[in-house]
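K.L.:
Just the structure for this:
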Amino acid sequence: MKKVSIIIPVYNASAFVKECLDSVMAQTMTDGVECILIDDCSIDNTLEEIQSIINVNTDGNVKISLLRQERNQGPSAARNRGVREAKGEYVFFLDADDTITPDCIELLYGLAKEHDADYVQGNYSNGNVNGNENKLPCFLTNQKEIKRLLLNHNKIQFTPHNRLVRRQMIIDNDLFFNEQIKVREDFLWMTFVAKYVKKFASCDKPTYNRGYNEDSLTNNINREREIAGYRVLIETMVANYDSFQLGYQKELALEALMMALMAGYYHDETERKHLIDIVKSKNSLIEKVLMQLYLITNISQVLHVLIKIYKRNDK
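P.N.:
Coordinates of the predicted model:
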């Protein structure tokens, strides 16, 4: 078994994939690391660029392999295939327009083995994980605290990259990305991952450098795709509430609904009512009233009261 599988979805990445792979090949951890690239039917010369890198890296410490999707399916499908093909004890998701520091995998894997962690969060080159002065706990075993932390996107970015996740945990609990969602898929993925992490660790040192690809899905908003994504996101989150830290799950579903409405989506009365009713269906009468007030008035204080009620239910 490999120690770590680095999984990189690529689509039209010829302009930056070399820099990304250079950072992978420069890793100080020289044993047990593989890199799997999944090409999602690129139409530029991404494949040729990657193959040329593989050809000159035959003796490298990191084994690089290239898979190709039969049709364009999006990053969720690419990541899922990478997980299924991976041989590592842990997986690490990397975007093709980003890079990692030379000691990234060594640092994170060292923490994973030291604490027998299911999940190890890396840091970013622009500061702490959330970009401000708040630091993450070094190590947690209290599942209540872990779930609260992982469901708090002000503490941890809701992205799949820059973290080691135990592959067997993903396989055993079917923690694959929802392939129906082309945007915000990481938001939904984190809500499920949070249910199963029993040991959490984090790294203070920067391990990841964010890049920018103007052609990425995130930077090219497709209204129809976003609307469909939000609907699946909200319906799936609410349908999969569990009793452990329920308030935090409700709060997250409400935030997803707020993001969709404030983005100007769901002006159609029927569709709007459908989504609001889904979120309201799991709440008490007082929560329904407060939510309706918030939807009508958009007063932040009302949302604050609602969140307090949610969290009180968790104590």
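
K.L.:
element containing residue 236, please.
P.N.:
Per DSSP states H and E: residue 236 is located in helix 223-239.

K.L.:
Need the CA coordinates for the helix or strand just after that helix. CSV is fine.
P.N.:
As assigned by DSSP H and E, the chain's next helix or strand after helix 223-239 is helix 246-262. Output in CSV follows, covering the C-alpha atoms of helix 246-262 (Å, rounded to 0.1, in the frame of the first residue of the first chain):
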residue,chain,number,x,y,z
LEU,A,246,-28.2,18.8,14.7
GLY,A,247,-28.2,22.5,15.2
TYR,A,248,-25.0,23.0,13.2
GLN,A,249,-26.4,21.0,10.4
LYS,A,250,-29.6,23.1,10.3
GLU,A,251,-27.5,26.2,10.4
LEU,A,252,-25.5,25.1,7.4
ALA,A,253,-28.6,24.2,5.4
LEU,A,254,-30.1,27.6,6.2
GLU,A,255,-26.8,29.3,5.1
ALA,A,256,-26.9,27.4,1.8
LEU,A,257,-30.5,28.6,1.2
MET,A,258,-29.5,32.2,2.1
MET,A,259,-26.6,32.1,-0.4
ALA,A,260,-28.9,30.9,-3.1
LEU,A,261,-31.6,33.5,-2.4
MET,A,262,-29.1,36.4,-2.0
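
K.L.:
Report the rounded mean pLDDT for helix 246-262.
P.N.:
What helix 246-262 shows for mean pLDDT is 80.

K.L.:
for the helix holding residue 236, which positions count as buried?
P.N.:
225-227, 229-234, 236-238 (16 or more other C-beta atoms under 10 Å). Heads up, the C-betas are built off the backbone N, CA and C, glycines and all.

K.L.:
And stretch 200-210, by the same measure?
P.N.:
Quick answer for stretch 200-210 (16+ other C-beta under 10 Å): 200-203, 206-209.

K.L.:
Mind checking which of these land in strands?
P.N.:
200-203, 206-209 (DSSP state E).

K.L.:
Quick check: pLDDT value at residue 72.
P.N.:
Reported pLDDT for residue 72: 87.

K.L.:
Surely it is in a helix?
P.N.:
No - going by DSSP: H, G, I helix; E, B strand; the rest coil, the assignment for residue 72 is coil, not a helix.

K.L.:
how close does it sit to residue 182?
P.N.:
Counting by C-beta to C-beta, to the nearest Å, the gap from residue 72 to residue 182 is 10 Å.

K.L.:
of these two, who's got more company?
P.N.:
The residue with more neighbours, out of residue 72 and residue 182, is residue 182; 19 against 13, by other C-beta atoms under 10 Å.

K.L.:
what ranges of the stretch 1-150 of the chain fall below the confidence cut-off?
P.N.:
126-134 (pLDDT under 70).

K.L.:
what about the helix holding residue 236, distance to the chain center?
P.N.:
16 Å (C-alpha atoms, centre = their mean, to the nearest Å).

K.L.:
now for it, which elements pack on it?
P.N.:
With contacts defined as 3 or more C-beta pairs under 8 Å, 6 or more residues apart in numbering; DSSP states H and E, helix 223-239 has these neighbours: helix 185-193, helix 246-262, helix 269-280.

K.L.:
Give me the angle between the second one and helix 269-280.
P.N.:
Compare the direction of helix 246-262 with that of helix 269-280 by axes from the mean of the first three to the mean of the last three C-alpha atoms, to 10 degrees and you get 160 degrees.

K.L.:
For helix 246-262, name the packing helices and strands.
P.N.:
Checked by 3+ C-beta pairs under 8 Å, 6+ apart, helix 246-262 has helix 185-193, helix 223-239, helix 269-280, helix 285-297, helix 300-312 packed alongside it.
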